[in-house]
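Enquirer: Next comes the sequence, and after it the predicted model I'd like to discuss.
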Number of protein chains: 2
Amino acid sequence: MTVETDASAALLADLGERLPGLRLLTDPGDRQSYRSDETAHWKAGLPLAVALPTSTDEVAEIMRAATRHRVPVVPRGAGSGLSGGSAGVEGALTVAFTRMNRIVEIDRANLVVVTQPGVINAELKAAVAREGLFYAPDPASYEFCSIGGNIGTNAGGLCCVKYGVTRDAVLALEVVLADGRVIRTGGRSVKDVAGYSLTHLFVGSQGTLCLVTEATLRLRPAPPAKVTMLAFFATLEAAGKAVAAITAAGLTPCTLELMDRVTIAAVDDWHNLGLDREAAGLLLVESDLPAGAAETELAAAITACEGAGATQVVRAESASEADWLRQVRRMAFRAMERLGTARMEDVGVPRSRVPELLTEIERVAAAHDVRCGTFGHAGDGNLHPTFVSTRGDQAEEARVEAACQELYRAALSLGGTVTGEHGIGAARRGLLELQRGEAAVSVMRAIKSALDPLGILNPGKVL
Amino acid sequence: MTVETDASAALLADLGERLPGLRLLTDPGDRQSYRSDETAHWKAGLPLAVALPTSTDEVAEIMRAATRHRVPVVPRGAGSGLSGGSAGVEGALTVAFTRMNRIVEIDRANLVVVTQPGVINAELKAAVAREGLFYAPDPASYEFCSIGGNIGTNAGGLCCVKYGVTRDAVLALEVVLADGRVIRTGGRSVKDVAGYSLTHLFVGSQGTLCLVTEATLRLRPAPPAKVTMLAFFATLEAAGKAVAAITAAGLTPCTLELMDRVTIAAVDDWHNLGLDREAAGLLLVESDLPAGAAETELAAAITACEGAGATQVVRAESASEADWLRQVRRMAFRAMERLGTARMEDVGVPRSRVPELLTEIERVAAAHDVRCGTFGHAGDGNLHPTFVSTRGDQAEEARVEAACQELYRAALSLGGTVTGEHGIGAARRGLLELQRGEAAVSVMRAIKSALDPLGILNPGKVL
């Protein structure tokens, strides 16, 4: 999509006139700083300008103006996305929700929180925790990602193996449509089948169907403190067997995460933790069942791991030790980033096929002569092979790109997905049809055209 | 939508030619028996004919023919719906999925079952239970409703207070579009964010966007046997307080159901169970936590009920006693049906507002001089006030209709919904815009037009 310069100038003039209080960044340096998200390998466009609205009314006015001038709009949360979903589009207006960062209401009796999209996930978690409540979705980036971005990508995280993904936690939305109309979807009732569930459709649509201006999220009573362990394995196959054995035993751990040898070493190099670097992989397993049942569940998980050949099991004896074990996993991506340009992928497979996916990752990395460390959500089949290249080495980057292309196809051939929780965004756009098929994508396109006939909502993303 | 007689004849001739093996009922008696669903007060149209396909290919051929001749199609599961969703449309072809009743695969390792839509909910539950697995959604009609119908309405049930509704259990669908194209949505990976979630959009769309021909459903390890109790209360307000206290205590019972005095009496009259007929209401509470935690949770629920003023608590001492207590609740609707023409409504509110909803139900029934018994899913705010009129008494039926109209508005004024789990269907179609607003419904209509431009999929339903 090319944007007419006249239209751009007219849009900015229009916004200046209609919304004199709107913070609108047009300085080249500011625009540059909103160009990219965390998808390092994606070449983003330079925004025409960056708007920082503070209310739904302002967002609606922005969209009415964008429609009038046919200028595209890119919504942006905290900019921590890993698919280029909020990456700038040349000549488009980026709308950053940073200033819509108010928690509107915590409704204890109904176990919901109403929030603006710019609130950081960790802040929301902390605010509801003070009321004895629990907001489950916890992307690894929870300390700096925003709820709006989580909704845009249908973000996952560590505890969704038990508590579901972001979509499962969204009860209602207020959104601004492409033409500036404001609608509300869903409600505070946990069961509601009146009409199509626009809520579920909009979650994960990465700003291509509407802009989310408020969300009503489902909470739970705060679960008891977790009990936590790490199990080390001599082969990834054994770790995969342990995951299968945990499922077969009917356990429902709230965390079931994997790290491979490369990632273990990267974390250990960084913080000198004395991890077992001989191990091919480790599993982080946690339980949060009430009334002592967590101990029983963790014991059963340990039995499953030992049965699968675990070489060492480290069980946290205190909350601070548990936190420490958890940090080992949370540091994985940052540790890999220290080694060079890190490209984190996000493939998923039916959980029984995790061992095959691990084999494929090793094969692909070797075939293309690239370095790769893998960690991720073994319990729900979603892994993050992370390819590291030397900064500026274009030949190596090209090999990484080729490896990724092969990896996507490997995941699909195992009945999986090219993206488990990061989104198609801009970076994986060429893969959607490969995964979903032409007819299914044509249905998505029909929905997109019906809701955004001018194509001004986050063009070049998802579809 | 009026259907040309020529088009009807041409469609039937076309189907006869292209699908000589298709069971196609054109006899007036057969068509009559597929006219209505269980929505007794809804005046359904007479189907042109009834097709009973046995494969996705046949369904696709039917839709290609329906598109060619522009004849509308009404999908139908077991015909147990309570919103007129599968009620006949005059001159439309009803497609009944009764013969597509095969469980395709139970995949233990991935905790999923793949099934055709005509399988009865209870049969699916039983089949996966034999493998030690659990399919959660359990509409009260589970012994005779079909999975396809459950998906069409996004059916709820008793245990969704803990395990979620049908939509939460659907991982993937195979559907036939209006023009006969077949697409697959979702997959066997539990996390997958590639493109819009058509799966979530299609669930609950009551056959107005596509016909479901196969579903991949999420299973869980079979939970331990439930521990079960009934608590009786002198006022409905006290019962409401008990529900709030259970939530406030952080408990997550797998059943939290309510019955009022009228319903208790109806069940007791029928089976002479010796229930406390002086009580204004009862709660059925169950827990299925593992490793002894269920006992602790039930004890905490009993404390909450006693604190709210329970007059009597009956705790099941065995599995057969638990089953007996559960049957008290499951018999509620049939017991009300014995009293006359029973119209079961399905309003929902944010759970904290259940006491207010109960007051409104009593007020509305008194104001319109109609008999009403209320039971339902107190734990998630979804109640079934059931109005009983003398068979053939049109004046009384009119008063019931007026009471229902007032009740819908009362639920909406409490921030609720006109339908928690039965669907808008045909019977509540006039209420959708009242609940969702004109702009939100226009978005639904835009999606409908994009997917079904000829308007041949279940016309007159939902929108």
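Expert: That came through fine.
Enquirer: Show me the shaky parts of chain A.
Expert: Within chain A, the stretches with pLDDT under 70 are A:1-4.
Enquirer: try 50
Expert: Scanning chain A with the threshold set as pLDDT under 50 gives A:1.
Enquirer: what's near enough to touch the residue positioned nearest the centre of it?
Expert: Per C-alpha atoms, centre = their mean, the C-alpha nearest to the average position across chain A is that of A:Ala155, at 3.6 Å. Counting by C-beta atoms under 8 Å, 6 or more residues apart in numbering or on different chains, A:Ala155 makes contact with A:137, A:139, A:145, A:149, A:165-166, A:421. Where you see a C-beta, it was placed from the backbone N, CA and C, and this is true even at glycine.
Enquirer: again, but for A:Glu123
Expert: A:Ile103.
Enquirer: how close does it get to B:Glu214?
Expert: A:Glu123 sits 43 Å away from B:Glu214, taking C-beta to C-beta, to the nearest Å as the criterion.
Enquirer: Check the contacts of A:Ala155 one by one and keep those near chain B.
Expert: When contact is defined as C-beta under 8 Å from any C-beta of the partner chain, these meet chain B at A:165, A:421.
Enquirer: On the three-state scheme, the residue of the stretch 301-450 of chain A found nearest chain B is what?
Expert: Taking C-beta to the nearest C-beta, chain B has its nearest neighbour within the stretch 301-450 of chain A at A:Ser352, 3.6 Å off. Classification of A:Ser352 using DSSP: H, G, I helix; E, B strand; the rest coil returns helix.
Enquirer: Which residue is the nearest non-sequential neighbour of it?
Expert: B:Ala109 (3.6 Å; C-beta to C-beta, 6 or more residues apart in numbering or on different chains).
Enquirer: same question, A:Val203
Expert: Nearest one to A:Val203, counting by C-beta to C-beta, 6+ apart, is A:Arg167 at 4.3 Å.
Enquirer: tell me which element that neighbour falls in.
Expert: helix A:166-169 (DSSP states H and E).
Enquirer: hmm, the helix or strand hosting A:Ala446 in reach of chain B?
Expert: Here A:Ala446 sits within helix A:438-451, counting by DSSP H and E. Yes. Using C-beta under 8 Å from any C-beta, helix A:438-451 reaches chain B at A:439-441, A:443-444, A:446-447, A:449-451.
Enquirer: Buried ones in that helix, by neighbour count?
Expert: A:440-444, A:446-448, A:450-451 (16 or more other C-beta atoms under 10 Å in any protein chain shown).
Enquirer: can you state the direction angle for that helix and helix B:438-451?
Expert: 150 degrees (axes from the mean of the first three to the mean of the last three C-alpha atoms, to 10 degrees).
Enquirer: doesn't A:Ala215 fall inside a helix?
Expert: No. Counting by three-state DSSP, A:Ala215 falls outside a helix, being strand.
Enquirer: Pull the distance from the helix or strand that contains A:Lys241 to the chain's centre.
Expert: Element membership for A:Lys241, per DSSP H and E: helix A:236-248. Centre-to-centre, helix A:236-248 and its host chain are 25 Å apart (C-alpha atoms, centre = their mean, to the nearest Å).
Enquirer: what sits up against that helix?
Expert: A:231, A:233, A:253, A:256, A:258, A:260, A:280-283, A:285, A:300-301, A:304-305, A:307-310, A:351-352, A:354-355, A:358-359, A:378-379, B:108-109, B:111, B:221.
Enquirer: Now do the SS call for the nearest residue in space to A:Ile361 that is not next to it in sequence.
Expert: Counting by C-beta to C-beta, 6+ apart, A:Ile361 lies nearest to A:Pro385, which is 4.7 Å off, once chain neighbours are set aside. Put simply, A:Pro385 is strand when judged by three-state DSSP.
Enquirer: Enumerate every residue touching A:Pro385.
Expert: A:344-345, A:347, A:361, A:365, A:372-374, A:407.
Enquirer: let's go with 10 Å and repeat that
Expert: Counting by C-beta atoms under 10 Å, 6 or more residues apart in numbering or on different chains, A:Pro385 touches A:260, A:262-263, A:343-347, A:357-358, A:360-362, A:364-365, A:370, A:372-376, A:403-404, A:407, A:411.
Enquirer: Let's see which of those residues end up in strands.
Expert: A:260, A:343-344, A:372-376 (DSSP state E).
Enquirer: The closest residue to chain B within the stretch 1-150 of chain A - how many residues pack around it?
Expert: Nearest to chain B in the stretch 1-150 of chain A, going by C-beta to the nearest C-beta, is A:Ala109, at a distance of 3.6 Å. A:Ala109 is flanked by 12 other residues according to other C-beta atoms under 10 Å in any protein chain shown.
Enquirer: Also the one 10 residues further on?
Expert: Here the number of neighbours of A:Val119 (other C-beta under 10 Å) works out to 24.
Enquirer: Please report the distance of it from A:Ala78.
Expert: Relative to A:Ala78, A:Val119 is positioned 10 Å away (C-beta to C-beta).
Enquirer: Surely A:Leu414 touches A:Arg351?
Expert: No. Between A:Leu414 and A:Arg351 there is no contact under C-beta atoms under 10 Å: 11.0 Å.
Enquirer: returning to what we had before: sec struct for the residue of the stretch 1-150 of chain A closest to chain B, please.
Expert: coil.
Enquirer: quick one: it and B:Ser352 touch, right?
Expert: Yes. With contact defined as C-beta under 10 Å, A:Ala109 reaches B:Ser352; the gap is 3.6 Å.
Enquirer: just the strands in the stretch 101-250 of chain A please.
Expert: With strands called from DSSP state E, counting those that start in this stretch, the stretch 101-250 of chain A shows them at A:103-107, A:112-115, A:133-134, A:170-176, A:182-186, A:211-218, A:220-221, A:227-233.
Enquirer: How far does the fifth one sit from its chain's centre?
Expert: Yep, that's strand A:182-186 we're talking about. Relative to its chain's centre, strand A:182-186 lies at 23 Å (C-alpha atoms, centre = their mean).
Enquirer: Could you check the angle it makes with strand A:170-176?
Expert: Using the same axes, to 10 degrees: strand A:182-186 against strand A:170-176 is 170 degrees.
Enquirer: Could I have the CA atoms of strand A:182-186 written out in PDB?
Expert: The C-alpha trace of strand A:182-186 is given here as PDB (Å, rounded to 0.1, in the frame of the first residue of the first chain):
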ATOM      1  CA  VAL A 182     -17.100   2.100  18.700                       C
ATOM      2  CA  ILE A 183     -18.600  -1.300  19.600                       C
ATOM      3  CA  ARG A 184     -18.600  -3.500  22.700                       C
ATOM      4  CA  THR A 185     -18.400  -7.300  22.500                       C
ATOM      5  CA  GLY A 186     -19.100  -9.900  25.100                       C
END
